[in-house]
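J.: Any chance you could fold what I've pasted below:
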Amino acid sequence: MPIELRTAEQMVAAALTAVRGSTTKATDLNPGSVLRSIIEAPIIEVERLGQYMLLALDQEALVRTAISIWEDRAPLSAINAFGAVTISADIAPLSSYTFAAGTLVRTPDGRHTYQTTTTALFPAGALVLDGVRVQAIVPGITENTGANTITQFVSQQAVPGQTGVTFEVTNPAALGTGKDAETDAERMQRFQSYLLGLHRGDGASLALGAKTAALYDANGLPTEQIAYAQAIDWSRGQARVFVATPSGVPSQALLDRCQEIIDGYVDANGQRVAGYKAAGVRADVLRALPTPVTLAYTVTLHSSVTLAEIQADIEASLTGTLATLDIGDPLRVELLDQAVMRIGGVLDARRYWPLYNRATVPGVLYRAGTILLTAEI
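T.: Numbers count the residues shown, from 1 in each chain. Okay, the predicted model is just below:
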C-alpha cells in the first residue's frame, strides 16, 4: 500500500491529545503557549524529515526501475545484411534445378559474400527466378552493398544432363540492413528513446513505433523493415511520420503496416493493440525523401598504398557514415572528413564537395550519392 505521511497539524493534534490524557497539570495548550511551542517545534522537523525520506524512496524506486529497463536492453549484436537476388538462365532448363540453402554468391571483387537462406527451386522451362533470399556471411555495416552489385556465384551452377545452361545472379535492390555492434553511446540513445516513447502520443513515441514496422516471409525472416523515422507536428491535430528502409523507399505494404501500428489495430487473436498516436490526432505515415549527396575528395596517400587498393574502403566508410543519419538529421561535413581519415594509408584529405554542412530538413534523408576520389602522393 502507498505510504501516507501525517501532516504536522495531525501530529500536533495527536500529541496534544496524549498530553491531555496523561496529565492534568498542563493546562495551557493554546497556540503560542510555551508548552505547545515545545511540542510543535520538533514535530515540524519530523514532518520535513518524513518528506525527505519519502522523496528518497521515490527516487530510489525510479533508479531501480531505470536500471532494470537498462539491463533488459542489452547491447545489440552486429546484424547481417540481408535482401533478395534474382537468378536468371540464358537457356531455359529442361528440368528443374535446386539451389540449396547456403549457396554462395558474391560481388565481383570478392570482398562481399552472401548465402541463400532457404532452398530455391528454379522451375523447368523458366528463365528467371525472383526473390531468392540471401544474407551476408559476415555481420556488419561493411557488408551492405548497392543494387546490381552481387553478380557472381562462388561455385559454378549447372543443370545435370543439360550442357549450355548457365545461371546468372544479381540483386535488383541494395542490401542495407547490415549493422555494426551497438556502441555504448548508441545503446544509451536507444534507452533514452524508449523512455521518451513510453507514454506515447508525442513525436518521440510516434517515431519509435514506426521503427517497429516490418514484413516477414513464410519462414519468419524479415523481408522489409522500417529503420529510419521522423515525426513532426504538421498542423493542429495532425502529425506526419516520415519513414524509410535501409535501402531507401518502403513498399506500400510496409507503409500500410506502419500506419496500422501507429493507429492501433486488432491482432489475429482479436486482441486490441494500442497505437502510438494520441486520441483525436491524425498521424499520416509518408515516405521520406532519400537525398543523394555527391562526395568529392582528394586524398594524400602513404607511399606504400595506391588509391585502387583502398578506394573501396573509403567509399564504404563514407557510405556507412551517411547511413547512420536518421530522417531530418543535419549533415555535418566533419563526420565525412573523419570517415576518410580513418582509412589506413590516408595521410590527409581535402574535401571539394559538399562545401558546407547541410541543414535539417523535415522528411529528408541524406545518403551517399556519387563518390569522386583522386589521389596525390
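J.: Next SSE downstream of the helix or strand harbouring Ala339?
T.: If you go by DSSP states H and E, Ala339 is part of helix 333-341. Following helix 333-341 in sequence order, the next helix or strand is strand 346-353 (DSSP H and E).
J.: Report all helices and strands that that next one contacts.
T.: With contacts taken as 3 or more C-beta pairs under 8 Å, 6 or more residues apart in numbering; DSSP states H and E, strand 346-353 sits against strand 289-301, helix 333-341. Every residue, glycine included, has its C-beta placed from N, CA and C.
J.: could you check the angle strand 289-301 makes with the last one?
T.: Put simply, helix 333-341 runs at 50 degrees to strand 289-301, going by axes from the mean of the first three to the mean of the last three C-alpha atoms, to 10 degrees.
J.: For Ala13, which of the helices and strands packed on strand 346-353 is the nearest?
T.: Ranking the helices and strands packed on strand 346-353 by their distance to Ala13 (criterion: C-beta to C-beta) puts helix 333-341 first, at 66.1 Å.
J.: Buried residues in that closest one, which are they?
T.: Within helix 333-341, the residues that count as buried by 16 or more other C-beta atoms under 10 Å are 333, 336, 339-340.
J.: cool, and stretch 99-117?
T.: 99, 103, 105-107, 112-117.
J.: neighbouring contacts of the helix holding Ala339?
T.: Residues outside helix 333-341 that contact it (C-beta atoms under 8 Å, 6 or more residues apart in numbering): 295, 297, 299, 314, 317-318, 320-322, 346, 348-349, 351, 354-357.
J.: Likewise for stretch 206-218?
T.: Contacts with stretch 206-218, where a contact means C-beta under 8 Å, 6+ apart, come from 133, 193-194, 196-197, 200, 222-231, 239, 241, 243, 251, 253-254, 257-258, 261-262, 275-277, 283, 285.
J.: Quick one: buried ones out of the residues you listed?
T.: Using 16+ other C-beta under 10 Å as the burial test, the contacts of stretch 206-218 include 133, 194, 197, 200, 223-231, 239, 241, 243, 254, 257-258, 261-262, 275-277, 283, 285 as buried.
J.: Tell me which stretches of the stretch 201-350 of the chain form strands.
T.: Using DSSP state E, counting those that start in this stretch, the strands of the stretch 201-350 of the chain run over 214-216, 222-225, 228-235, 238-244, 265-266, 272-273, 282-287, 289-301, 346-353.
J.: Next, count neighbours for Gly146.
T.: Neighbour count for Gly146, taken as other C-beta atoms under 10 Å: 16.
J.: Over to it: give its phi and psi.
T.: With angles defined as degrees, to the nearest 10, Gly146 sits at phi -70, psi 170.
J.: Does it touch Ala174 like I think?
T.: Yes: under the criterion of C-beta atoms under 8 Å, Gly146 makes contact with Ala174 at 4.9 Å.
J.: Need the distance between the two termini of stretch 17-31.
T.: End-to-end span of stretch 17-31 (C-alpha to C-alpha, to the nearest Å): 14 Å.
J.: got it, and stretch 356-375?
T.: Start-to-end span of stretch 356-375 (C-alpha to C-alpha) is 22 Å.
J.: Flag every buried residue along the helix or strand of the chain with the lowest mean pLDDT.
T.: Of all helical and strand segments in the chain, the minimum by mean pLDDT, DSSP states H and E falls on helix 34-72, at a mean of 75. Under the neighbour-count criterion of 16+ other C-beta under 10 Å, helix 34-72 has 36, 39-40, 43, 47, 50 buried.
J.: Closest to Pro123 out of those residues?
T.: Using C-beta to C-beta, Gly50 comes nearest to Pro123 of the buried residues of helix 34-72, at 78.5 Å.
J.: so the closest one makes contact with Leu5?
T.: Yes: assessed by C-beta under 8 Å, Gly50 is found in contact with Leu5 at 4.6 Å.
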